[in-house]
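> Have a look; sequence and predicted model below, questions after that.
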Amino acid sequence: MFLMWLLGLGPLLFCISASADNLTFHIGSVTGILEDLEYHLKGPPDLTMTELFQELECCQSELCQLFLGPVTSVSSDLPYLSEQQIIFLKHLVNHKVDGSLVEHGVVLTPDGTTVSFSPLLAGIAAGFKRRHETTLLDTPLITDPSNSSNVELHLALDPLYATTIAMDLGKAFLLFHTKQTQVALGPNGCWDSISAPQKFTLMGPPSHIPDAFINGAMDGFILGTYLAAKADPISNISSLLNDYYGGEGLEGESQIRSNFRQQNFEALVSKEKLRKQVEISLHLLWRLNETSPFFEGITSEELMFLANQAVEEFMALFVECPAIIPRCMWGARPYRGTPTQLKLPLAFVYIHHTHTPAKPCRTFASCAADMRSMQRFHQDVRGWDDIGYSFVVGGDGYMYQGRGWHWVGAHTKGYNSKGYGISFIGDYMKVLPDAVDLELVKNNFMQCAVRGAKLQANYTVYGHRQMGHTLCPGDRLFQEIETWKGFKRRCFMDNGVHRCI
């Protein structure tokens, strides 16, 4: 791990490294092991969590026990689990990236995203801890962390924030600031196999918290908050995870599942509180490591600046920007030939619907199948180099990468190099896409593209029908985009007739 120097303790949840060759790194493997454990323990779910922490040696550090409480279980092993199962779990809670950019301690979920198990587990543990506290006090107000005692700083840290995202987000920007990492956040990666995942390789230089860690941290925060606030205790942890990942959602609410982690995290997290939690985390680390060269010459003002920068970039990239499933995850064929680079920033966004498939996909498996089908049609029937669209909106809460941010597409004849082609899966002549899918494009995508200098701030939105002879993107969807910021009428001559549409 990047921070073995920090506190001399490593990350908050650090366990022995091990290999697990015969279990696939899918969340289903985790829930299967938990079901075995819960069957034998026959106790409340927090007992399962205590047993896991004891066996996996996950909370041995003083800092971890400060946040999550001391490990008090009298058991030192789990005879109900096989050696292979225990090795598998120990591998999962040891999050790290090796020299070949393989990220360890992560699992694939049914929604097509990858999560780190450590912050997920920490969030669940923090949720149980908060639930069992007899008195819930507001976080003490720390106006000047540099003049606060270590005890005051400890008390000011909310365990749920600290163990999932705040502490590691602060570390990530400290490492980037001191040039120990090339990037502050990310990147995403690709599995060697979707059906039997074993190796997850990052697409670029790693930060302290790659995308999978951030996904796990957000999920840990969401589930921890849910557990702390739930009126009735849950029956077991495995059901909680099954409902959240790939199930019907928590308590049957389809929007409270991993597909919508960004929206749910944003609804739960105060940006100002997160900023304060990151700032206090950095001051605590500074106080405990004043002799470390990483803190040499650093000031309280610089730590405040790092906290502000960390929260602004994190919220922009991982909460406000849409989550995009990369090509490697939906099983894209290679691009045929050599792609042409777009000249950024672009000035236009062209809205499409697929028409065929005619219905929106609702799961990663069906959306990925639709993407592969469209790519085959575009390459094999139309003879294009690749799927034509820049990005595609599934009905599962995600956007899917087509030709992406940098390659010229084949979506709007005569205008492919001038703008991004965004298509909604489905036929929208008479109905609209779901509100959450519209929001992904109308606000999240547009703002993200402008912020990232991919799209001009004064961008123009057109429907495909405005650029050629087509009914795309459907009558009802076209009526919708007429209300969007940036939409403009387009006037042109059509067979000698002046038309405006």
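Perfect, I can see it now.
> Would you map the helices across the stretch 201-350 of the chain?
211-229, 237-244, 261-268, 271-288, 300-315, 327-330 (DSSP state H, counting those that start in this stretch).
> Figure out which of those is closest to V102.
helix 211-229 (11.8 Å; C-beta to C-beta). C-beta coordinates here come from the backbone N, C-alpha and C atoms, glycine included.
> Name the helix or strand for A196, please.
Secondary structure from DSSP states H and E places A196 outside every helix and strand.
> Distance-wise, check the closest residue to it other than its chain neighbours relative to S239.
Sequence neighbours aside, T24 is the residue nearest to A196 in space, at 4.7 Å (criterion: C-beta to C-beta, 6 or more residues apart in numbering). Noted for T24: a distance of 21 Å to S239, by C-beta to C-beta, to the nearest Å.
> ditto for A316
With the distance defined as C-beta to C-beta, A316 ends up 34 Å from S239.
> dump the residue contacts of the residue nearest to the spatial centre of the chain.
Nearest to the mean C-alpha position of the chain, by C-alpha atoms, centre = their mean, lies N215 at 3.6 Å. Under the criterion of C-beta atoms under 8 Å, 6 or more residues apart in numbering, the neighbours of N215 are T113, T114, V115, S116, R261.
> Repeat that for Q255.
With contacts defined as C-beta under 8 Å, 6+ apart, Q255 is in contact with G249, Q263, N264, V436.
> And P233, by the same measure?
Taking C-beta under 8 Å, 6+ apart as the criterion, P233 is in contact with P44, P45, R131.
> give me the low-pLDDT residue ranges for this protein?
Low-confidence segments of the chain (pLDDT under 70): 1-21, 54-55, 57, 59-63, 65, 70-77, 134-141.
> please redo it, this time with the cut-off set to 90
For the chain, residues meeting the criterion pLDDT under 90 lie at 1-22, 36-83, 86-87, 90, 93, 125, 128-156, 230-235, 287-297, 491-500.
> Which of the contacts of P233 has the largest number of neighbours?
Neighbours here are counted as other C-beta atoms under 10 Å. On that basis the top member of these is P45, with 21 neighbours.
> That residue and I234 touch, don't they?
Yes - proximity of P45 to I234 meets the contact threshold set by C-beta atoms under 8 Å, at 5.6 Å.
> Between the two, which contacts overlap?
Each of L240 lies in contact with both P45 and I234 under the rule C-beta under 8 Å, 6+ apart.
> returning to that earlier point: of the helices of the stretch 201-350 of the chain, which stretch is the most buried?
The highest mean neighbour count among the helices of the stretch 201-350 of the chain belongs to helix 211-229 (a mean of 25), with neighbours defined as mean count of other C-beta atoms under 10 Å.
> picking up where we left off before, give me the neighbour count for the residue nearest to A196.
Per other C-beta under 10 Å, the neighbour tally for T24 reads 16.
> tell me the domain boundaries of this structure?
Taking automatic domain parsing as the domain assignment, the record places the domains of the chain at 19-320, 328-500.
> any idea where the strands of the stretch 301-450 of the chain begin and end?
Secondary structure of the stretch 301-450 of the chain by DSSP state E, counting those that start in this stretch: the strands cover 324-325, 346-353, 391-393, 399-401, 419-424.
> Which neighbours in the sheet does the first one have, and how are they oriented?
The one in question is strand 324-325. In its sheet, strand 324-325 lies beside strand 399-401 (parallel), with partners assigned from DSSP bridges.
> Please work out which residues outside the strand it pairs with touch it.
The list of residues contacting strand 399-401 from outside it, by C-beta under 8 Å, 6+ apart, reads 322-327, 330, 367-368, 371, 391-394, 440-441, 445.
> rerun at 6 Å
When contacts are taken as C-beta atoms under 6 Å, 6 or more residues apart in numbering, the neighbours of strand 399-401 outside the stretch itself are P322, I324, I325, P326, R327, W330, M371, F391, V392, V393, G394, L440.
> Out of those residues, give me the one that has the most neighbours.
The most crowded member of the contacts of strand 399-401, judged by other C-beta under 10 Å, is V393 (31 neighbours).
> dump the residue contacts of it.
If you count contacts by C-beta under 6 Å, 6+ apart, V393 has them with M399, F424, D437, L440.
> so what's it closest to, chain neighbours aside?
In space, V393 comes closest to F424 once its chain neighbours are excluded; the distance is 4.7 Å by C-beta to C-beta, 6+ apart.
> And the residue nearest to the centre of the chain, how far from F200?
Distance, N215 to F200, using C-beta to C-beta: 12 Å.
> same deal with F377?
F377 sits 30 Å away from F200, going by C-beta to C-beta.
> I324 too?
I324 sits 17 Å away from F200 when distances are taken as C-beta to C-beta.
> Likewise for L288?
Distance of L288 to F200, computed by C-beta to C-beta: 32 Å.
> again with H469
Taken as C-beta to C-beta, the span from H469 to F200 is 45 Å.
> Look at the two and report which has more neighbours.
The neighbour comparison of H469 against F200 (other C-beta under 10 Å) goes to F200, with 23 against 7.
> quick one, phi/psi of that one?
Its backbone dihedrals place F200 at phi -120, psi 110, with angles given as degrees, to the nearest 10.
> Go ahead and confirm it touches V107.
No - using C-beta atoms under 6 Å, F200 is not in contact with V107, being 8.8 Å away.
> what residues are up against A166?
Contact criterion C-beta under 6 Å, 6+ apart gives Q277, V278, S281 as the residues in contact with A166.
> Could you confirm it falls within a strand?
No - inclusion of A166 in a strand is not indicated when DSSP: H, G, I helix; E, B strand; the rest coil is applied; the result is helix.
> any idea how far N150 is from the residue nearest to it when sequence neighbours are not counted?
On the basis of C-beta to C-beta, 6+ apart, the spatially nearest residue to A166 that is not a chain neighbour turns out to be Q277, at 3.8 Å. Relative to N150, Q277 is positioned 16 Å away (C-beta to C-beta).
> Give me the spatial nearest neighbour of A457, chain neighbours excluded.
Excluding the flanking residues, the one nearest A457 by C-beta to C-beta, 6+ apart is V450, at 5.3 Å.
> Please read the previous query as pertaining to I222.
Setting aside the residues directly before and after it, I222 is nearest to N264 in space (C-beta to C-beta, 6+ apart), at 5.2 Å.
> any idea how far that neighbour is from D158?
Distance check for N264 against D158: by C-beta to C-beta, it reads 18 Å.
> can you check L438 too?
L438 sits 34 Å away from D158, going by C-beta to C-beta.
> ok, now G463?
46 Å.
> Look at W384 and say how many residues are nearby.
Using other C-beta under 10 Å: W384 sits among 16 other residues.
> contacting residues around it?
Taking C-beta under 6 Å, 6+ apart, we find W384 in contact with H378, A410.
> again with the one 3 residues further on
Applying C-beta under 6 Å, 6+ apart, one finds that I387 lies in contact with M374, Q375, H378, G402.
> at 8 Å what do you get?
Counting by C-beta under 8 Å, 6+ apart, the residues that I387 touches are A332, M371, M374, Q375, H378, Q379, G402, R403.
> and the residues you listed as a markdown table, adding distance to Y39?
Converted to a markdown table, the contacts of I387 look like this (distance: C-beta to C-beta, whole Å):
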| residue | distance to Y39 |
| --- | --- |
| A332 | 41 |
| M371 | 39 |
| M374 | 44 |
| Q375 | 44 |
| H378 | 49 |
| Q379 | 49 |
| G402 | 45 |
| R403 | 48 |
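> Now flag whichever of these is closest to L120.
Taking C-beta to C-beta as the measure, L120 lies nearest M371 of the contacts of I387, at 27.2 Å.
> hang on, that closest one packs against R333?
No - in this structure, M371 is not within contact of R333 by C-beta under 8 Å, at 10.4 Å.
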